[in-house]
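In: Predicted model, plus sequence, below.
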Amino acid sequence: MAKDRLGWAMRFVVVVVRRPMLMLTKQDWRGTENLPTSGGCVIAVNHVSEFDVLALAHFLYDNGRVPRFLGKAEVFKVPIVGTILTSAGQIPVSRESENAARAFSAATAAVEAGECVVVYPEGTLSRDPDLWPMVGKSGAARIALTTGCPVVPCAQWGPQEVLAPYGRRPRLFPRKTMRIRAGAPVDLSDLAGREITAELLTTATARIMGAITSVLEDIRGVPAPVDRFDPRAAGVAVIGNPHRHRGDVPERPPAPRPETATPAKGVDETPAVAPRVDADGDLT
């Protein structure tokens, strides 16, 4: 199992994180049969709180997979923290676009080595007023189509009750329930072996975001909005805290006029094919 490959850094992280998570949160985990027990894979998941990284890592580790997260390179420059993250096999993503290929290569190499790589397709915390998944970026699709690995859609709900998006004061008591569910791998078989173009990435990304949203609908018990939230179209900042300079909550943009062409649901319409990093430091 993946746990046999733990190094000193990951063992340290497990000791520091796992026991407090067991003590301070409750777990409602489902769909664990959909997690590959071995071999490279991509976990594509929604992002509702900075705390959800710990919740998801706990879910994956206790179900036999050691997660490898893609994280902003700046965090890796922090003394001690950077050393631990690097030694634990986590993958830095630089803000400079010219270094995007390095992050993409590291992610694909990890998958090809049999690792479980976690990707947040939204690229940042959800700006949706109700925290539904936003439009997706193509990083997860690109890794999957390049390596042929399975993409497992996961959804989580509950971490935002511990720490609100961009919040600084955790609310640990009473104990909150971390509801995490893994869905069946996204079917990309008809796209395999084809030239990786913008159109192909658009199609694959739409399927991945749709699968994540469907799993979250099951958890929450209510349907998601028909139109996926696009922060750029809504005029909401995609870097940092979008509410820092405004007290209101972002509203959904009005429906486009019938004659206006719109991108496919849940897809970033940027037609780039080569791996790159956007201004928020996310692999796209």
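Out: Good, I have the coordinates. Residues are numbered from 1 along each chain as shown.

In: Near Pro150, how many other residues are there?
Out: 20 (other Cβ atoms under 10 Å). Quick note: C-beta positions are derived from backbone N, CA and C, even for glycine.

In: What does the pLDDT read for it?
Out: Per-residue confidence at Pro150 stands at 98 (pLDDT).

In: so it touches Ser38, yeah?
Out: No. Distance between Pro150 and Ser38: 11.6 Å, which falls outside the contact criterion (Cβ atoms under 8 Å).

In: quick one: strands adjacent to whichever helix or strand Trp29 is part of?
Out: Element membership for Trp29 (DSSP states H and E) is strand 25-30. Strands flanking strand 25-30 in the sheet, each with its direction: strand 176-182 (parallel) (DSSP bridges).

In: What angle do strand 176-182 and the helix or strand following the strand it pairs with make with each other?
Out: If you walk from strand 176-182 toward the C-terminus, the next helix or strand you reach (DSSP H and E) is helix 198-220. Note on geometry: by axes from the mean of the first three to the mean of the last three Cα atoms, to 10 degrees, helix 198-220 and strand 176-182 are set 140 degrees apart in direction.

In: Just give me the residue right at the centre of the chain.
Out: In the chain, the centroid-proximal residue (Cα atoms, centre = their mean) is Tyr120; its distance is 1.6 Å.

In: Now it: closest residue in space, sequence neighbours ignored.
Out: Distance criterion Cβ to Cβ, 6 or more residues apart in numbering; nearest residue to Tyr120, sequence neighbours excluded, is His47 at 4.6 Å.

In: and that neighbour, what pLDDT?
Out: At His47 the predicted local distance difference test score is 96.

In: So which other helices or strands are in contact with the worst-scoring helix or strand of the chain on mean pLDDT?
Out: Every helix and strand of the chain was ranked by mean pLDDT, DSSP states H and E. The lowest is helix 73-76, at a mean of 77. Counting contacts by 3 or more Cβ pairs under 8 Å, 6 or more residues apart in numbering; DSSP states H and E, helix 73-76 packs against helix 81-87, strand 91-93.
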